[in-house]
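[1] need a structure here:
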Amino acid sequence: MLTQQRLRQADANGAPADAAAPQRGGQALAAAYNRAPYSLQRLPMSRLEDLAERVERLVLRHEELKRENALLTQQLATVGGERDSLRSRLAAARARIDALLDRLPADAAPVAPVPASTLVAPGPDA
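    Model (predicted):
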């Protein structure tokens, strides 16, 4: 009885007619059990076409991301070079400032900053 129920289920799931035919003992059950599920046996043509289209889109997206990654890697190298150049220029500027500070006389009186309120803006005829 249990075997007949499973055969009916196999037939309802898309089993071929000969698989549901009565066979000796558990052969019918084994045939139904060993067969792939209906969803894996045959996909409707539209589903296959949809799947193929999706795979094509994924391949195109992958190629696009590879190109973008290469471009970003190149930009990163360029920006890294610019950063290194700026660091070098900053170090050179600091060295020049340190050299100028060393040239200042040590006993010179510090110069007081001039308040902004005493500064006069040049006129239009200046």
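[2] longest helix of this structure?
    helix 45-103 (DSSP state H).
[3] which other residues reach stretch 69-84?
    By CB atoms under 8 Å, 6 or more residues apart in numbering, no surrounding residue is in contact with stretch 69-84. From N, CA and C alone the C-beta is placed, and that goes for glycine too.
[4] pLDDT of that stretch, averaged?
    Mean pLDDT, computed over stretch 69-84, is 98.
[5] same question, stretch 101-115
    76.
[6] how far does it stretch from start to finish?
    End-to-end span of stretch 101-115 (CA to CA, to the nearest Å): 23 Å.
[7] got the buried residues for it?
    Within stretch 101-115, no residue counts as buried by 16 or more other CB atoms under 10 Å.
[8] pop the domain breakdown of the chain in here.
    What automatic domain parsing lists as the domains of the chain is 7-42, 43-102.
[9] weakest of those domains in terms of mean pLDDT?
    Mean pLDDT is lowest for domain 7-42 among these, at a mean of 53.
[10] so who does residue 104 touch?
    Per CB under 8 Å, 6+ apart, neighbours of residue 104: none.
[11] measure it to residue 96 for me?
    Distance of residue 104 to residue 96, given as CB to CB, to the nearest Å: 14 Å.
[12] burial check on residue 67, number of neighbours?
    10 (other CB atoms under 10 Å).
[13] separation between it and residue 61?
    Counting by CB to CB - residue 67 and residue 61 are separated by 11 Å.
[14] likewise for residue 83?
    32 Å.
[15] and what of residue 70?
    Applying CB to CB to residue 70 and residue 61 gives a distance of 15 Å.
[16] what of residue 72?
    For residue 72, the distance to residue 61 - CB to CB - is 16 Å.
[17] got it, and residue 84?
    In terms of CB to CB, residue 84 sits 34 Å off from residue 61.
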